[in-house]
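Visitor: Need coordinates for the following:
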Amino acid sequence: MLNRVFFRRIDNAPLIVFRIFFGILCACECYGAILTGWVRRTLVEPQFTFNFIGFEWLQPLPGMGMYYYFFVMGTLGVFIALGYRYRFSTIAFTVLWAGVYFMQKTSYNNHYYLLVLLSGLMAIFPAHRYFSLDVKRTPSLQKISMPAWVKWSVVLQLFIVYTFASVAKMYGDWLDFGIVKILMQGKAGYPLIGELLQQPWLHRIIGVCGILFDLLIIPALLWKPTRKWAFFASIFFHLFNSIVFQIGIFPYLSLAFTLFFFDPKTIRNIFLKKKPLYTSEEVPLPSKRMGLLVGFGLYFLLQLALPLRHHFIQDDVLWTEEGHRLSWRMMLRSRSGSIQFKVQNLENGETTWVRPKDYLTKKQQRRISAYPDFVWQFAQHLKKEYAKKGQKIAVYAVGSKVSVNGKPYRAFIDPTIDLANTPWNHFRHNEFVLPSPFEEASKN
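Guide: Numbers count the residues shown, from 1 in each chain. The predicted structure is shown next:
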């Protein structure tokens with residue numbers, strides 16, 4: 001049974017068409033990052049970037065380097081769409097995109113993470129075996145089928161993303177539509193729809209539909225009687241997100257995913273009319289099938305573990321942010337804060353106050369006032385800067401207060417702990433983050 005589900009050969013029309021859309025969207029994302037100024041604002045103008053902790057060795061290239069970097073990635077996207085040196089192009093794109101992702105998190109987006117995962121999977125998939133320049137160069141590569149595990153890998157990845165996104169929304173500030181109201185307040189100036197987006201009745205619709213869509217869309221696409229309705233719902237949902245939240249290629253990538261849920265014959269008839277239809281029911285068993293099963297089993301086990309890890313870390317993730325990233329916790333909170341940094345010379349006791357604006361962009365300043373890992377990393381950056389002057393220092397975050405989802409500001413970082421000389425805990429609660437006021441409120 002397992003062999004038939006995963007190793008049965010099926011028509012590869014959905015994968016071939018998806019490769020083309022995927023490559024085009026990757027190219028648009030990378031070229032667009034240059035043209036819209038995202039590369040300049042995020043990677044060129046800052047004095048330093050806030051990397052994922054542990055990836056400090058990943059630094060932006062100097063001068064025009066990051067523009068060339070993104071141009072190369074965009075060109076690799078074109079190569080992927082054309083099926084030109086496909087394996088090299090997808091592996092190179094995956095490595096370069098992952099580099100950008102871990103290089104900075106000031107402009108963090110769950111969709112950037114999904115693109116890391118998806119491009120890695122695409123590097124394994126045989127997506128170049130039809131309608132590609134690789135096949136034109138080497139006709140023996142051509143195949144009209146693929147193993148079924150390709151389809152089910154995509155389906156399972158999407159099921160994990162959407163299901164965790166739905167479950168994460170089932171908390172107080174989403175269920176009373178308060179966070180939806182906050183998310184829409186910044187859209188009031190939109191022409192035509194800005195005023196509409198401020199209506200409470202629409203907030204209720206968005207809140208309920210957000211949970212139900214994420215929870216039901218994959219089962220609805222899998223079940224033939226509801227597939228077309230689910231597809232039309234996907235078009236509306238993702239175009240709404242694209243217009244209102246302006247989140248790059250993700251809505252269109254999500255629509256491209258639906259290719260894997262429709263009958264290959266339908267995909268072939270629309271996009272690849274000259275392609276032969278594969279109809280055999282053969283189930284060839286690859287010699288390395290156990291390795292494939294173990295590899296994908298471990299991969300998806302990790303995908304299940306990462307979104308659950310915050311349950312094993314002390315305190316509320318909504319307050320501490322520990323375990324928030326890589327967990328499909330999308331559009332769940334709004335944070336703002338205030339903070340000051342005191343630097344104390346450990347040799348002579350001299351104290352100075354640091355102005356974050358002397359080191360950071362405005363967006364980075366907003367991050368360090370409200371996110372604990374940014375606070376800790378800025379303290380580490382100050383430690384390195386003062387070390388260049390031959391000084392050993394302690395760094396304290398003073399007057400740190402944070403508001404989550406419009407609630408009153410509460411004390412956030414312990415002002416008595418020297419952040420410059422405190423290690424970061426990846427798997428446990430960091431004690432310099434003060435206890436959550438949400439936990440205290442629930443106890444009372």
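Visitor: Which secondary structure state is assigned to V398?
Guide: strand (DSSP: H, G, I helix; E, B strand; the rest coil).
Visitor: Please tell me I have it right and it contacts T416.
Guide: No. V398 is beyond contact range of T416, at 9.8 Å (criterion: C-beta atoms under 8 Å). Bear in mind the C-beta positions are built from the backbone N, C-alpha and C, glycine included.
Visitor: For these two, indicate the residue with more neighbours.
Guide: Neighbours were counted for V398 and for T416 using other C-beta atoms under 10 Å; V398 has more, 12 against 8.
Visitor: what's the closest non-adjacent residue to L293?
Guide: F6 (7.3 Å; C-beta to C-beta, 6 or more residues apart in numbering).
Visitor: Hmm, I typed the wrong one, I wanted L114.
Guide: Here the residue nearest L114, using C-beta to C-beta, 6+ apart, is V161, at 6.5 Å.
Visitor: Ok, V116 next?
Guide: A98 (4.9 Å).
Visitor: Which residue ranges of this protein form strands?
Guide: 9-11, 145-147, 335-345, 351-354, 393-404, 410-411 (DSSP state E).
Visitor: quick one: contacts of the third one?
Guide: In this case it means strand 335-345. Contact partners of strand 335-345, identified using C-beta atoms under 8 Å, 6 or more residues apart in numbering, comprise 350-354, 356, 366, 368-371, 375, 378-379, 382, 386, 391-404, 409, 412-413.
Visitor: among those, which ones are buried?
Guide: Buried members of the contacts of strand 335-345, counted by 16 or more other C-beta atoms under 10 Å: 354, 356, 366, 368-371, 375, 378-379, 382, 386, 393-397, 400-404, 412-413.
Visitor: Contacts only, for the residue most central in space within the chain.
Guide: Against the mean C-alpha coordinate of the chain, by C-alpha atoms, centre = their mean, the closest residue is N110 at 2.0 Å. N110 sits next to 328-330 when contact means C-beta under 8 Å, 6+ apart.
Visitor: One more: L158?
Guide: Contacts of L158 (C-beta under 8 Å, 6+ apart): 218, 257.
Visitor: Which positions in stretch 84-99 come out as buried?
Guide: Buried-residue list, stretch 84-99, by 16+ other C-beta under 10 Å: 84-86, 89-94, 96-98.
Visitor: let me fix that: stretch 41-48
Guide: So for stretch 41-48, counting by 16+ other C-beta under 10 Å, buried means 41-44, 46, 48.
Visitor: The stretch 151-300 of the chain: helices as residue ranges?
Guide: For the stretch 151-300 of the chain, the helices defined by DSSP state H, counting those that start in this stretch occupy 172-175, 178-185, 200-222, 224-245, 250-257, 264-271, 289-305.
Visitor: just the angle between the second one and strand 393-404, please?
Guide: The one in question is helix 178-185. 100 degrees (axes from the mean of the first three to the mean of the last three C-alpha atoms, to 10 degrees).
Visitor: Model confidence score at the spatially closest residue to R410 that is not a sequence neighbour, please.
Guide: In space, and not counting its chain neighbours, R410 is closest to P437: 4.6 Å by C-beta to C-beta, 6+ apart. On the pLDDT scale, P437 is placed at 90.
Visitor: Cool, thanks, talk later.
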